[in-house]
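>>> Return atomic coordinates for the entry below.
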Amino acid sequence: MDFRLLLKQKWENGGDFPIPSLDIDGVVWSLSDSFDIHQDTIPEYACVSYVWGSGRAENPIHPSISMSDRTLPVLSAAIRNTEFEAFWVDAFCVPTDPAHRGPTLESMGYIYSRAKQVVAVLAPRSFAAVKEMSTLQKGDIPSVRLLEDLERETWIRSVWTYQEVVNSSTTFFVGEDSADGKLLDCSEFLNALGYYQTKYREHANITTFDMRTRYPNLDAFEDLMVDWLLAAYTQRSALEIMANMPRRYYEDPKNYFYSMIGALTQKPSKRSKKPTVEALAETFMAIAEEKGDYSFIFASSPRDRRPGLEWRPKPELLQAIVHWHVDGEALIGAREPDGIRLKGMTIARRSTAAGSQAKQTVASWLQAPQLAESSDDAIAGAMRQVLKKCGFSGSGRHILTQHGFTFPQEELSDDADVEVWLTTDIYYVFGAPAFVVARTAEGTRYIPAVHAGEARGLVGKTDVFLPTGAARL
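Residues are numbered from 1 along each chain as shown. Next up is the predicted model:
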């Protein structure tokens with residue numbers, strides 16, 4: 001990677017500056033030489049987080065390319081409201097040379113995690129909405145206008161936002177027109193938004209799922225904030241990252257993976273110079289494997305058809321089987337000479353009815369406790385409807401086990417001998433990711449699934465084995 005910073009120059013008056021530079025409020029800033037990331041010579045810096053939008057302007061540092069017409073205004077806001085003398089700004093600090101551009105974009109995790117602070121610059125109306133939310137008092141009636149203002153904020157729904165925030169040690173928010181130095185930190189933002197949404201739900205008499213449908217961007221942002229709060233205590237699973245990304249906006253599919261890779265690792269990259277989506281998908285899965293995390297197998301993608309890799313998702317745009325927050329650190333696995341051994345799984349088989357505890361778990365999560373007394377089909381139908389609202393696209397009929405209801409991504413043949421592999425180390429509040437293993441005379445199929453019911457704390461944990469034969473990546 002090529003790591004450079006925009007540095008404040010002590011020299012402020014005189015003739016032409018000898019290197020490409022820009023003047024912001026009478027102060028000259030210029031791009032540094034490439035730093036040796038292995039040496040202790042990198043100054044404290046802040047990363048500026050913003051969304052480009054559709055407008056373009058001339059780039060004073062790299063005249064051969066254009067930049068967002070928001071770059072200078074948001075950089076000016078960051079400078080006015082902080083005391084940093086070094087910034088990382090994508091328009092200036094990402095190299096234009098293709099040989100270094102790709103590895104640098106794959107190193108966003110390193111760049112943002114090393115920053116002293118991330119300054120997220122919001123549109124003036126959005127920042128004003130957050131500040132007004134924080135003043136809500138008991139008995140006040142929440143205004144839908146504030147929620148709609150934030151729902152439209154492009155920064156909140158950007159694909160880049162996820163890795164920029166989860167990798168930061170400290171994130172502060174500021175308005176593009178702010179000049180008073182009063183930044184809002186991440187926890188204050190989350191508390192204000194969370195409390196406001198809770199009061200709005202109570203006032204409007206709607207459920208969490210209704211709120212998610214009305215304000216999908218704010219819902220994704222809340223998940224992001226929770227990930228940031230937990231980052232100091234837990235490792236982030238590949239599945240958790242995959243669950244957050246599909247609800248975010250991107251124009252180039254490669255940016256989807258650059259952000260996912262940045263969220264997965266904080267190591268600088270020396271990888272592909274001209275990556276394709278397929279190559280970046282392979283990179284993401286390879287990094288996860290290096291960390292001993294195989295939770296990427298719960299992507300909704302069709303399985304790979306290459307011999308020995310039938311358990312693995314095709315290297316394409318990887319999305320989680322359901323877009324819901326995942327607890328736990330990893331689906332732990334280890335490579336062996338002829339396969340992958342996955343740890344901490346519970347094997348369940350078909351049953352004629354779901355257990356009572358599983359039914360109560362699902363009914364409680366659906367915020368319909370009376371549903372626990374209904375038939376298995378009624379509970380499964382209600383659960384499937386909510387899962388669809390959460391991004392589940394599976395078409396398979398549900399499978400009953402003693403532990404609950406399993407919804408496979410694909411339909412199973414009637415003659416298949418079926419096992420349901422339930423994870424116990426990563427899980428949802430309502431259940432867990434699952435792998436349906438369907439064996440027939442024609443061979444074995446591995447199908448990702450969502451399990452609703454008992455999951456965390458199940459007894460009878462065991463290892464399961466995924467054969468790879470001679471397959472190599």
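>>> OK, contacts around residue 305?
residue 314 (Cβ atoms under 8 Å, 6 or more residues apart in numbering). Using the backbone N, CA and C atoms, a C-beta is placed for each residue, glycine as well.
>>> And for stretch 136-144, what's in contact with it?
Counting by Cβ under 8 Å, 6+ apart, 192, 195, 196, 199, 200, 203 sit against stretch 136-144.
>>> which residues of the stretch 251-400 of the chain fall in helices?
253-264, 277-290, 356-365, 376-389 (DSSP state H, counting those that start in this stretch).
>>> and residue 306, which of those is closest to it?
helix 277-290 (11.8 Å; Cβ to Cβ).
>>> Output the below-cut-off pLDDT ranges for the stretch 201-350 of the chain.
231-234, 271-274 (pLDDT under 70).
>>> please redo it, this time with the cut-off set to 90
208, 220-236, 247, 251, 269-275 (pLDDT under 90).
>>> Tell me where it has strands.
For the stretch 201-350 of the chain, the strands defined by DSSP state E, counting those that start in this stretch occupy 333-336, 339-348.
>>> which one of these is the most hemmed in?
Of all the strands of the stretch 201-350 of the chain, strand 339-348 has the most neighbours on average by mean count of other Cβ atoms under 10 Å, namely a mean of 19.
>>> Tell me which strands it pairs with, and in which orientation.
strand 333-336 (antiparallel), strand 417-423 (antiparallel), strand 462-467 (antiparallel) (DSSP bridges).
>>> Among the helices of the stretch 251-400 of the chain, show me which one is buried the most.
helix 253-264 (a mean of 24).
>>> Show me what it is packed up against.
Contact here means 3 or more Cβ pairs under 8 Å, 6 or more residues apart in numbering; DSSP states H and E; on that basis helix 253-264 packs against helix 108-114, helix 159-166, helix 238-244, helix 277-290.
>>> Rebuild these as a markdown table, extending it with distance to residue 185.
A markdown table is the format used below for these (distance: least, Cβ to Cβ, whole Å):
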| stretch | distance to residue 185 |
| --- | --- |
| helix 108-114 | 16 |
| helix 159-166 | 12 |
| helix 238-244 | 21 |
| helix 277-290 | 30 |
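>>> These: which one's closest to residue 76?
When these are compared (using Cβ to Cβ), the closest one is helix 159-166, at 19.2 Å.
>>> quick check: angle from that closest one to helix 253-264?
Interaxial angle, helix 159-166 versus helix 253-264 (axes from the mean of the first three to the mean of the last three Cα atoms, to 10 degrees): 10 degrees.
>>> helices or strands up against helix 159-166?
Right, helix 159-166 is packed against strand 46-49, helix 108-114, strand 117-122, helix 216-230, helix 253-264 by 3+ Cβ pairs under 8 Å, 6+ apart.
>>> hmm, who's touching it?
With contact meaning Cβ under 8 Å, 6+ apart, helix 159-166 is reached by 47, 49, 51, 108-109, 112, 118, 120, 155, 171, 186, 221, 224-225, 227-228, 231, 236, 241, 244-245, 248-250, 255-256, 259-260, 262-263.
>>> ok, now with 7 Å
47, 49, 108-109, 112, 118, 155, 171, 224, 227-228, 231, 236, 244-245, 248-250, 255-256, 259, 262-263 (Cβ atoms under 7 Å, 6 or more residues apart in numbering).
>>> Please determine how far residue 230 is located from residue 352.
In this view, residue 230 and residue 352 are 39 Å apart by Cβ to Cβ, to the nearest Å.
>>> of the two, who's got more company?
Per other Cβ atoms under 10 Å, whichever of residue 230 and residue 352 has more neighbours is residue 230, with 16 against 7.
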